[in-house]
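> after the sequence you'll find the predicted model.
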Amino acid sequence: MSESSPLCSTSDIWSTVVCVIEQTAVFARDAAVFTARTSLVKGEEIAHFIADIPSPRIYLAWLGTFVSTAAARGVQLWNEAIERAGLENAWQQASGILNEALDTWRDGFARTFPDQAHHVADQAALAATCVWLILCVFLFLKGVFAVRACCRRQRRNVVMFFPDKSGANVGRICKELSSARRRVWLAMYTLTDDGLANEVLRAHARGLDVRLIADDDQSDIPGSDVVRLKEAGVPVVYDHSHVRMHHKFAVVDDVLLSGSFNWTNMASKGNFENLVIMYDRHTVESFKREFDQLWSDFYHRTGRKTRTLLRSVNALTPVRKKALNASGM
């Protein structure tokens, strides 16, 4: 192929796009094979594996191989440059060694794959080709992330109604908690279900961002798990208000659980309740902002209430302090 001949001789745009993708994939495959043969440990095995792939379209999966291989080779050459040059004129020596290595690579690649030689005719052409490959990898990854986001948006909400004596609904909640990888933010009016509380503790033990917003009056009712979670190290704040912190929702990674359902045995097996598991990104973000706002407000309230209580105790006479301590407060 001469330098003046077009890369793709197709007439319509989609055929041209497919042709460019195939040509890019083939070049990436050839560059990865050549670099693997000359640079990497066990490079021959990698090269044979890549060369045995039958269809050029599959070579798209190997676009990243050339980039990672080139990066590894660059690190190796840089280390060699530092070793040769020492501290004096390290940058100049490294630049010379890298240029020499690039020229050697270009010449060898052009001899091995003459059909691809025009892509590496000189260092400018090689640089342009590398930029194009990096752009292709970037666009490919963006596409993968876009597809994943689209799939998440297409997940259907799960609607659950109670009472549910089978325990399937609570099991689904436990499944969401056990699959969490980043956060479990819980705003719950009443929390007495030990099974759900144990899942929250396990998420905390995995090092996730686990936080609990609780109603101050409901947190110390008989059977409440709030104190147990707090003693285990889970950050907890209270509303400290004459009105109720009546929310019943949880943000688990990018999933929202919200409804009338308190995390109690009575709610799951006795009451008429509802709970919806939602995957809509905008809805989840709204609840994240609400949680952040409540956490900030209640965190400062909790601090003020604690400081006020300490000041009140310090203001007591020694006799009243002794009586207060004797009462267990």
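Cool, got the structure.
> for the stretch 101-250 of the chain, just list every one of the helices.
Taking DSSP state H, counting those that start in this stretch, the helices of the stretch 101-250 of the chain run over residues 123-154, 168-178, 194-205, 226-231.
> pLDDT value on the nearest residue to Cys174 once chain neighbours are set aside, please?
In this structure, Cys174 finds its nearest non-sequential neighbour in Glu199, 5.0 Å apart by CB to CB, 6 or more residues apart in numbering. Yep, even glycine has a C-beta here, placed from its N, CA and C like the rest. On pLDDT, Glu199 comes in at 97.
> just list the residues touching Glu199, thanks.
The contact partners of Glu199, by CB atoms under 8 Å, 6 or more residues apart in numbering, come to 173-174, 177-178.
> how near is it to Glu273?
19 Å (CB to CB, to the nearest Å).
> quick one on the thing from earlier: with distance to Ala117 added, can I get the helices of the stretch 101-250 of the chain in CSV?
CSV is the format used below for those (distance: least, CB to CB, whole Å):
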stretch, distance to Ala117
helix 123-154, 10
helix 168-178, 55
helix 194-205, 56
helix 226-231, 66
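> weakest of those in terms of mean pLDDT?
Mean pLDDT values for the helices of the stretch 101-250 of the chain show the minimum at helix 123-154, a mean of 82.
> so where's the protein shaky on pLDDT?
Low-confidence segments of the chain (pLDDT under 70): 1-7, 9-11, 38-95, 151-154, 302-329.
> if you set the cut-off to 50 instead, what comes out?
The model of the chain has pLDDT under 50 over residues 1-4, 40-50, 53-61, 87-88, 306-314, 316-329.
> pick the most buried one from the helices of the stretch 101-250 of the chain.
helix 194-205 (a mean of 19; mean count of other CB atoms under 10 Å).
> Ala203 touches Arg182, doesn't it?
No - using CB atoms under 8 Å, Ala203 is not in contact with Arg182; the gap is 9.9 Å.
> which residue is the nearest non-sequential neighbour of Ile203?
Just to correct that, residue 203 is Ala rather than Ile. Take Ala203 and drop its neighbours on the chain: the residue closest to it by CB to CB, 6+ apart is Val184, 4.7 Å away.
> surely Ile278 and Gly259 touch.
Actually, residue 278 is Met rather than Ile. No - when contacts are counted by CB under 8 Å, Met278 is not listed as touching Gly259 (9.9 Å).
> ok, Ala117 - contacts?
109-110.
> and the contacts of Glu199 as JSON lines, adding distance to Ala125?
Output for those, formatted as JSON lines (distance: CB to CB, whole Å):
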{"residue": "Ile173", "distance to Ala125": "58"}
{"residue": "Cys174", "distance to Ala125": "58"}
{"residue": "Leu177", "distance to Ala125": "55"}
{"residue": "Ser178", "distance to Ala125": "53"}
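> of those residues, closest to Gly96?
When these are compared for distance to Gly96 (CB to CB), Ser178 wins out at 56.4 Å.
> would you mind measuring from the closest one to Asp217?
For Ser178, the distance to Asp217 (CB to CB) stands at 30 Å.
> what of Asp297?
17 Å.
> again, but for Gly171
Using CB to CB, Gly171 is found at 30 Å from Asp217.
> now do stretch 238-254: everything it contacts.
152, 176-177, 179-189, 213-217, 219, 256-263, 279, 281, 284, 287-288, 291, 294, 298, 301-302, 305.
> change it to 7 Å
176-177, 180-189, 213-216, 219, 256-262, 281, 284, 287-288, 291, 298, 301-302, 305 (CB atoms under 7 Å, 6 or more residues apart in numbering).
> ends of that stretch, how far apart?
Length of stretch 238-254, first residue to last, CA to CA, to the nearest Å: 24 Å.
> when you give positions from now on, start the count at 547
With the count now opening at 547, the last piece we talked about shows up as stretch 784-800.
> next, the buried residues of that stretch.
The neighbour-count check on stretch 784-800 (16 or more other CB atoms under 10 Å) flags 784-786, 791, 793-799 as buried.
> what's the most distant pair in the residues you listed?
Those two in the buried residues of stretch 784-800 that are separated most widely, counting by CB to CB, are His786 and Asp799, at 29.0 Å.
> outline the domain layout of the chain.
Split into domains by automatic domain parsing, the chain comes to 559-698, 704-872.
> backbone phi and psi for Met791, please?
Torsion angles at Met791 (phi, psi; degrees, to the nearest 10) stand at phi -90, psi 90.
> so what's Thr829 up against?
Thr829 neighbours (CB under 7 Å, 6+ apart): Leu802.
> for it, what is the enclosing helix or strand?
Assigning secondary structure by DSSP states H and E places Thr829 in helix 827-860.
> circling back to that earlier point, pick the one among the buried residues of stretch 784-800 closest to Thr581.
Out of the buried residues of stretch 784-800, the member with the shortest distance to Thr581 (by CB to CB) is Asp799, at 38.5 Å.
> His665 contacts Ala671, correct?
Yes - here His665 reaches Ala671: they are 6.2 Å apart, a contact under CB atoms under 7 Å.
> that older thread, now the two most distant members of the contacts of Glu745.
Between any two of the contacts of Glu745, the greatest separation by CB to CB is 9.7 Å, found for Ile719 and Ser724.
> contacting residues around the residue nearest to Ala749?
723, 746, 749, 754, 756, 796, 798.
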